[in-house]
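Undergrad: okay, here's the prediction I keep looking at, along with the sequence it came from:
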Amino acid sequence: MIDLLEEAPAIAEGAATGENCSLDHYLSQPDHTMDARIAAARAKLGTDVVLLGHHYQRDEVIRFADFTGDSYKLSKIAAETQAKYMLFCGVHFMAETADILGKPWQQVILPDLNAGCSMADMAEIGQVEDCWDSLERVGLTHEGGLIPLTYMNSAANIKAFCGERGGLVCTSSNARGAFEWAFARGEKILFLPDQHLGRNTAFAMGIPMSEMVVWDPYQINGGVMPDRLKAAKVILWKGHCSVHQRFLPEHADRVRREEPGMQVIVHPECRWEVCQKADAIGSTERIIDVIDKAPEGSSFAVGTEIHLVNRLAKRFAPLGKKVITLDDSGCLCTTMYRISPQHLAWTLENLVEGRVVNRIKVDDDVKEWAKVALDRMLEVK
């Protein structure tokens, strides 16, 4: 967290007291006017608050984070922290996960309730239940048959669905381990909701494309004939990340042509065709690790969210490493971007005044099975 406490008196005039505690009041103020107020509120709250920041968060917010990381790392922190309040600068499903893994006396806050995830929205619980019923009619859901896995980027009720049916949650960091875990318990996998992560993981394990099918929730029987479902080892839900799907094979071709010697490293949420052209594939944590361990003079074109790429470029430039985006029109995560310094100041100053705003609380019946799925995830390497 940055140190702005020398400017702390600013909170005395602008704190969330009385008539100016509404969010609209904060949103009308410039970004930079929030810095001292955020720092002063953090100082007053002390260890009662931990601020978690996802790698894709904007710089103006993540600079205040106590911990930064991908979904897997932040999930582990959420399970271990003793702070009374967890402020999650990420998106809705991440805050839900923190609430599921946290202690009963902890409260999770999402600074902007509009910070969602388009991928998570592509798998709605009613659709998934209908899919399972269809697969049951085909005869695939018997014990030792089909194991449901869901990516972290999914709603809590989808996580609970998988946990109750013998499955688990995974992240891009441990997707392969999750697949291995599932295949040790069943013949097939239903993977939700990101088809690209599922396809890339299965292919890397030696499963041919002919043994994968895509289930489209908007088509009858998922748009797949029963014989194809029976023959498949992996049933992929038709979902994707709007950021990573923008990367195309020709972007890698351009880098090879214009930047000889530059390595291409991409996130496994990218299309299979893009991943096949990459020198390395990995989660955000692995991308950072690869660049960090590379020798001076190395150069990388990175296929992931632009805030992270720009941050890596600044971090590694003094070390003689060049980092650029794989796509010149690199896309930001628009829902993650919704969280602003104003939202952060508003939530913190309300806490100083004893008010909890934007609390994320998962229903107990959903939390029970979702926690089973998440606990299984945390055991998978």
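TA: Alright, I've got the coordinates.

Undergrad: contacts only, for Gln127.
TA: Pro217 (Cβ atoms under 8 Å, 6 or more residues apart in numbering). From N, CA and C alone the C-beta is placed, and that goes for glycine too.

Undergrad: confirm that it sits in a helix.
TA: Yes. According to DSSP: H, G, I helix; E, B strand; the rest coil, Gln127 belongs to a helix.

Undergrad: Met94 - nearest residue in space that isn't next to it in sequence?
TA: Phe88 (5.6 Å; Cβ to Cβ, 6 or more residues apart in numbering).

Undergrad: Gln107: neighbour count?
TA: Look at Gln107: counted by other Cβ atoms under 10 Å, it has 17 neighbours.

Undergrad: any idea how far Arg359 is from it?
TA: Separation of Gln107 from Arg359 (Cβ to Cβ, to the nearest Å): 6 Å.

Undergrad: for Trp105, same thing?
TA: Using Cβ to Cβ, Trp105 is found at 13 Å from Arg359.

Undergrad: between these two, which has more neighbouring residues?
TA: Neighbours around Trp105 and Arg359, counted as other Cβ under 10 Å, are more numerous at Arg359. The numbers are 14 against 7.

Undergrad: host element of Val253?
TA: Actually, residue 253 is Asp rather than Val. Element membership of Asp253, judged by DSSP states H and E, is helix 249-258.

Undergrad: after that helix, which helix or strand is next?
TA: strand 263-266.

Undergrad: so which residue is dead centre in the chain?
TA: Ser71 (4.8 Å; Cα atoms, centre = their mean).

Undergrad: re earlier: give the other helices and strands that the helix holding Asp253 contacts.
TA: strand 263-266, helix 272-275, strand 299-303 (3 or more Cβ pairs under 8 Å, 6 or more residues apart in numbering; DSSP states H and E).

Undergrad: may I see those organised as JSON lines, with distance to Arg228, mean pLDDT and mean neighbour count added?
TA: Listed next are the helices and strands packed on helix 249-258 as JSON lines, based on distance: least, Cβ to Cβ, whole Å; pLDDT from 0 to 100; neighbours: other Cβ atoms under 10 Å:
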{"stretch": "strand 263-266", "distance to Arg228": "29", "mean pLDDT": "97", "mean neighbour count": "22"}
{"stretch": "helix 272-275", "distance to Arg228": "18", "mean pLDDT": "96", "mean neighbour count": "20"}
{"stretch": "strand 299-303", "distance to Arg228": "30", "mean pLDDT": "96", "mean neighbour count": "26"}
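
Undergrad: CSV please, covering these and showing distance to Val169.
TA: CSV is the format used below for these (distance: least, Cβ to Cβ, whole Å):
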stretch, distance to Val169
strand 263-266, 23
helix 272-275, 22
strand 299-303, 24
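
Undergrad: which of the ones you listed sits closest to Val243?
TA: Proximity to Val243, assessed across the helices and strands packed on helix 249-258 by Cβ to Cβ, is greatest for strand 299-303 (9.6 Å).

Undergrad: sketch out the low-pLDDT regions of the chain for me.
TA: 1-21, 330-337 (pLDDT under 70).

Undergrad: may I see the buried residues of stretch 232-250?
TA: 232-241, 243-248 (16 or more other Cβ atoms under 10 Å).

Undergrad: Lys321 and Lys293, how far apart?
TA: Lys321 sits at a distance of 11 Å from Lys293 (criterion: Cβ to Cβ).

Undergrad: follow-up on the earlier one: direction included, what does the helix or strand hosting the residue nearest to Met94 pair against?
TA: Element membership for Phe88 (DSSP H and E) is strand 85-89. If you go by DSSP bridges, strand 85-89 pairs up with strand 49-54 (parallel), strand 107-109 (parallel).

Undergrad: surely Leu23 touches Trp346?
TA: Yes. Between Leu23 and Trp346 a contact is recorded at 5.3 Å, counting by Cβ atoms under 8 Å.

Undergrad: higher neighbour count, those two?
TA: More crowded of Leu23 and Trp346, by other Cβ under 10 Å: Trp346, with 27 against 17.

Undergrad: give me the three-state assignment for that one.
TA: helix.

Undergrad: begin at 776 from here
TA: In the new count, where the first residue is 776, that last one comes out as Trp1121.

Undergrad: so what's it closest to, chain neighbours aside?
TA: In space, and not counting its chain neighbours, Trp1121 is closest to Tyr801: 4.5 Å by Cβ to Cβ, 6+ apart.

Undergrad: the helix or strand harbouring that neighbour: which residues count as buried?
TA: Taking DSSP H and E as the criterion, Tyr801 maps to helix 798-802. Residues of helix 798-802 classed as buried by neighbour count (16+ other Cβ under 10 Å): Leu798, Tyr801.

Undergrad: please save the CA atoms from that helix in PDB.
TA: In PDB, the C-alpha atoms belonging to helix 798-802 read as follows (Å, rounded to 0.1, in the frame of the first residue of the first chain):
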ATOM      1  CA  LEU A 798     -21.700   7.600  -3.700                       C
ATOM      2  CA  ASP A 799     -22.800  10.300  -6.200                       C
ATOM      3  CA  HIS A 800     -20.800  12.800  -4.100                       C
ATOM      4  CA  TYR A 801     -17.700  10.800  -4.500                       C
ATOM      5  CA  LEU A 802     -18.100  10.100  -8.200                       C
END
